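can't give you the sequence, but here's the structure:
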Ligand SMILES: O=C(O)CCC(=O)C(=O)O
Ligand SMILES: [Fe+2]
């Protein structure tokens with residue numbers, strides 16, 4: 001039996017009792033495994049179809065065309081070539097293998113050009129997005145998807161607040177200038193033998209607050225490390241997303257909620273096993289200070305983490321995931 005529950009979150013758009021009932025299920029899932037599948041999310045299937053189609057068309061382009069929009073560190077937006085980062089390195093394992101994936105990443109749209117957004121700490125998080133010249137629907141589809149997923153994340157955060165016994169809008173002023181990212185992740189088929197230790201995405205925990213992931217059914221999918229210490233496949237359901245919490249929610253909640261280790265497994269050698277997933281990484285305001293939520297520490301349960309800023313934590317993780325890639329190449 002799988003440990004990852006399925007939660008219908010449509011009640012978060014209902015009355016207070018309905019919202020609390022969903023929140024209680026979210027709270028339980030986050031205490032037990034840190035992952036859940038959601039239905040009743042309200043994101044139109046047509047938008048999901050557009051963003052998937054645009055992504056596949058882009059990844060099918062020539063390498064040269066894709067590299068024209070390659071990300072330019074310290075910005076982490078744009079095209080990320082195959083095997084150029086290793087998520088397991090984000091845990092500080094500098095020698096871990098690079099992931100057998102390529103990606104496209106984009107962030108905030110239309111952020112004002114003012115002192116807050118231009119400061120040295122803010123700038124990498126508000127770096128301009130880099131768009132491919134085609135397909136024509138690529139930019140409109142991603143911008144619409146970003147906006148809708150950000151709204152869904154806001155709704156889910158209301159549920160997290162209720163689950164933690166906080167005012168429902170407790171997270172609102174910490175995420176009102178969020179630096180979230182949408183990342184399309186393409187894992188090619190693997191017809192040839194691969195190097196020992198190589199994997200589609202190495203084990204890691206997510207960096208931000210919460211992740212809303214669009215998956216697909218193909219072999220070589222997402223696996224989560226359950227409480228028994230076993231890798232377990234995360235189910236794929238039609239018209240659903242996988243939600244998991246990241247490091248910042250774990251730190252906020254003083255580990256009451258777990259930022260669970262996960263990875264993307266390799267597929268069999270034969271067959272059309274390529275896989276596309278699209279992740280929305282919800283990341284609070286760059287200057288939001290993440291410190292133990294009132295009520296999550298107490299006698300016998302001291303705060304476990306030094307306060308950190310959202311933006312600082314993200315840059316540290318991104319640079320670790322990439323650093324070794326350049327020195328080992
Ligand atoms: O592609 C997936 O299913 C998950 C990818 C992932 O965990 C990540 O990029 O953080
Ligand atoms: Fe992840």
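Good, I have the coordinates. Note that this is a predicted model, so its numbers are computed, not measured. Ligands and ions are numbered 1, 2, ... in the order given.

wait, residue 231 sits on residue 263?
Yes: counting by Cβ atoms under 8 Å, residue 231 sits close enough to residue 263 to count as a contact (7.3 Å). (Each C-beta comes from the backbone N, C-alpha and C, glycine too.)

list residues touching both of the two?
Here residue 231 and residue 263 share the contacting residues residue 223, scored by Cβ atoms under 8 Å, 6 or more residues apart in numbering.

between those two, which is the more surrounded one?
Remark: of residue 231 and residue 263, residue 263 carries more neighbours, 19 against 13, as counted by other Cβ atoms under 10 Å.

and that one, how far from ligand 1?
Distance of residue 263 to ligand 1, given as Cβ to the nearest ligand atom, to the nearest Å: 7 Å.

in three-state terms, label that residue for me.
Each residue gets one of three states, and residue 263 gets strand by DSSP: H, G, I helix; E, B strand; the rest coil.

what residues are up against residue 319?
Each residue near residue 319 by Cβ under 8 Å, 6+ apart is listed here: 73, 74.

so the host helix or strand of it, near ligand 1 or not?
Under the criterion DSSP states H and E, the helix or strand holding residue 319 is helix 310-328. No: judged by Cβ under 6 Å from any ligand atom, helix 310-328 stays clear of ligand 1, getting no closer than 9.7 Å.

return the distance of stretch 8-26 from the chain's centre.
Taking the mean C-alpha point of stretch 8-26 and that of its whole chain, the gap between them comes to 23 Å (Cα atoms, centre = their mean, to the nearest Å).

contact partners of that stretch?
When contacts are defined by Cβ under 8 Å, 6+ apart, stretch 8-26 is touched by residues 5, 7, 36, 38-42, 155-156, 158-163, 168.

among those, which are in strands?
Residues from the contacts of stretch 8-26 lying in strands, with DSSP state E as the criterion: 7, 36, 38, 39.

could you tell me which of the residues you listed count as buried?
Among the ones in strands among the contacts of stretch 8-26, those buried by neighbour count (16 or more other Cβ atoms under 10 Å) are 7, 36, 38.

redo the residues you listed as JSON lines? Include distance to residue 186.
Putting those into JSON lines (distance: Cβ to Cβ, whole Å) gives the following:
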{"residue": "7", "distance to residue 186": "28"}
{"residue": "36", "distance to residue 186": "25"}
{"residue": "38", "distance to residue 186": "23"}
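
and ligand 1, which of those reach it?
If you filter these for contact with ligand 1, counting by Cβ under 6 Å from any ligand atom, you are left with nothing.

using just helix, strand and coil, how would you label the residue positioned nearest the centre of the chain?
Taking Cα atoms, centre = their mean, the centroid of the chain lies closest to residue 281, which sits 3.3 Å from it. Local secondary structure at residue 281 is given as strand here, using three-state DSSP.

would you mind listing the buried residues in the biggest helix by length in the chain?
Ranked by residue count and defined by DSSP state H, the top helix of the chain is helix 138-163. Buried residues in helix 138-163, counted by 16+ other Cβ under 10 Å: 138-139, 141-146, 148-150, 152-154, 156-163.
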